[in-house]
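Engineer: Predicted model, plus sequence, below.
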Amino acid sequence: MGTIVANIVAIYRKELQSYFISPLAYLIAGFFWFISGLFFVAMLLGDEGLIQQVAIMDAQGQQMGIPIPPFDVPYEFLQQFLQTIGSLSLFILPMLSMGLYAEERKRGTLELLATSPITNWAVATGKLLGVVTFYTTMILPLLVLQLIALNSATPPMPLTVPLLAHFGLILLATAVLSVGMFISSLTDSTILAAILTFVLVLFLWAIDVVAQAIGGPVGSVLEHLSILKHYTNLIRGTLDTSSIILLGSYVVLGIFLTAQSIDALRFQRS
C-alpha cells in the first residue's frame, strides 16, 4: 500500500510541475481569470448587475407604494456566478486534460509508462490529482474575491455556503477532467482529445434537455446522468449526496477506463 501511495505522489508531483512550467497552462489560466473577472464585475456592479437591479426595484416600490419582497443578493450572485464559471470551465477543462496521455503517445513514452512497474491505476490517479490541483489554484483567487464581496453583506452569508458550492465546482471539474483523461489516452492528438472531450461533456451537460424531450422511464434515467442538474444542486450550498455520488461515479469511471485503455496498449505491445 505504501508503495502505491508513493507512486501516486511521484506521478502527481511530476504532472503538477509540468503544468506550472507550461506557457500554455499560464495562458489558459490568464484567459480564465480575465473572463471570470469581467463576469464578476458585470454581475455584481454592472449597469444590469444585481445591485443595480435591486436599487431599481426599491425605487419603483417606493414610488408606487408597493412593498418589495426580500431579495437575497449575495446568494443570488453566488448562484449566477458559479453557473457562469461552470459553463466557462466546459471550455477550459478539455484544454487542461488534452495532454494528460496524448503527449505521452506523441513522445513515444506511453509504451514505457504502460510497461513500467507502476500500476495504471496509480498513474491515472496521480495524473488526475495533478491537473485537478492546478485547476483548484485557478479557482482560489476567484473564491477570495467572492468572500470579500460576500463579507460585506448584511446579514453575512454563512461561510459553509460558498465553500460547499465551490466544492461542487471542484467535483464537477474532477469529473470532466477524468473523462477527458480517458479520451486523451485514446489518441496522440491533443487537439482531437480536447474537441472530443468538449463534445462529450457538452452532451452530458445538456442531456437533461434530451431527457425532457424523450420523457418516461428512459428520460428519467437520462436526466439523472446530467452533470448540469447535479452541479446546480451542489452550488446551492447544501450537501446533496445523490449529486456527489453521481459526479464521483464519473471520476471513478474515467480512471477505470483510462487504466483499461493503457492495459490494452500493454497487451498489444506484449
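Structural biologist: Sure, I can see it. Small disclaimer: the values here were computed from a predicted structure and weren't measured.
Engineer: And the strands in the stretch 51-200 of the chain, which stretches?
Structural biologist: In the stretch 51-200 of the chain, no strands are defined using DSSP state E, counting those that start in this stretch.
Engineer: Now do the helices in it.
Structural biologist: According to DSSP state H, counting those that start in this stretch, the stretch 51-200 of the chain carries its helices in the segments 73-97, 99-107, 110-114, 120-151, 160-184, 190-205.
Engineer: Output the ones you listed in TSV, with distance to Ile4 and mean neighbour count appended to each entry.
Structural biologist: To be clear about C-beta, it is placed using only N, CA and C from the backbone, and glycine gets the same treatment. Shown next, in TSV, are these (distance: least, Cβ to Cβ, whole Å; neighbours: other Cβ atoms under 10 Å):
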stretch	distance to Ile4	mean neighbour count
helix 73-97	23	20
helix 99-107	19	20
helix 110-114	16	17
helix 120-151	6	19
helix 160-184	19	23
helix 190-205	27	18
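Engineer: Least confident of those, on average?
Structural biologist: Mean pLDDT is lowest for helix 110-114 among those, at a mean of 64.
Engineer: For the residue most central in space within the chain, which non-adjacent residue is closest in space?
Structural biologist: Centroid-nearest residue in the chain: Ala173, 2.0 Å away (criterion: Cα atoms, centre = their mean). With sequence-adjacent residues excluded and distances taken as Cβ to Cβ, 6 or more residues apart in numbering, Ala173 is closest to Tyr135, at 5.1 Å.
Engineer: Enumerate every residue touching that neighbour.
Structural biologist: Applying Cβ atoms under 8 Å, 6 or more residues apart in numbering, we find Tyr135 in contact with Ser89, Ile92, Leu93, Leu96, Ile170, Ala173, Leu177.
Engineer: Go through these and say which is closest to Val252.
Structural biologist: Nearest to Val252 out of the contacts of Tyr135 is Leu177 (Cβ to Cβ; 13.0 Å).
Engineer: Who are the contact partners of the spatially closest residue to that closest one that is not a sequence neighbour?
Structural biologist: Leaving aside its sequence neighbours, Leu177 sits nearest to Ser97 (Cβ to Cβ, 6+ apart; 4.8 Å). Going by Cβ under 8 Å, 6+ apart, Ser97 touches Val131, Val176, Leu177, Val179, Gly180, Met181, Ile183, Ser184, Ala193, Ala194, Thr197.
Engineer: next one: Glu48
Structural biologist: Ala42.
Engineer: which SS class is it?
Structural biologist: Following DSSP: H, G, I helix; E, B strand; the rest coil, we place Glu48 in the coil state.
Engineer: So what's the predicted local confidence for it?
Structural biologist: For Glu48, pLDDT reads 74.
Engineer: any idea how far it lies from Gln80?
Structural biologist: For Glu48, the distance to Gln80 (Cβ to Cβ, to the nearest Å) stands at 12 Å.
Engineer: What is the neighbour count of the closest residue to Ile191 other than its chain neighbours?
Structural biologist: Residue nearest to Ile191 in three dimensions, not counting chain neighbours: Met98, with 7.3 Å by Cβ to Cβ, 6+ apart. Residues lying near Met98 (other Cβ atoms under 10 Å) number 26.
Engineer: Could you measure from Met98 over to His166?
Structural biologist: 24 Å.
Engineer: now do Arg13
Structural biologist: Separation of Arg13 from His166 (Cβ to Cβ): 24 Å.
Engineer: is it true that Phe81 touches Met43?
Structural biologist: Yes: counting by Cβ atoms under 8 Å, Phe81 touches Met43, with 5.8 Å between them.
Engineer: Right, I'll leave it there.
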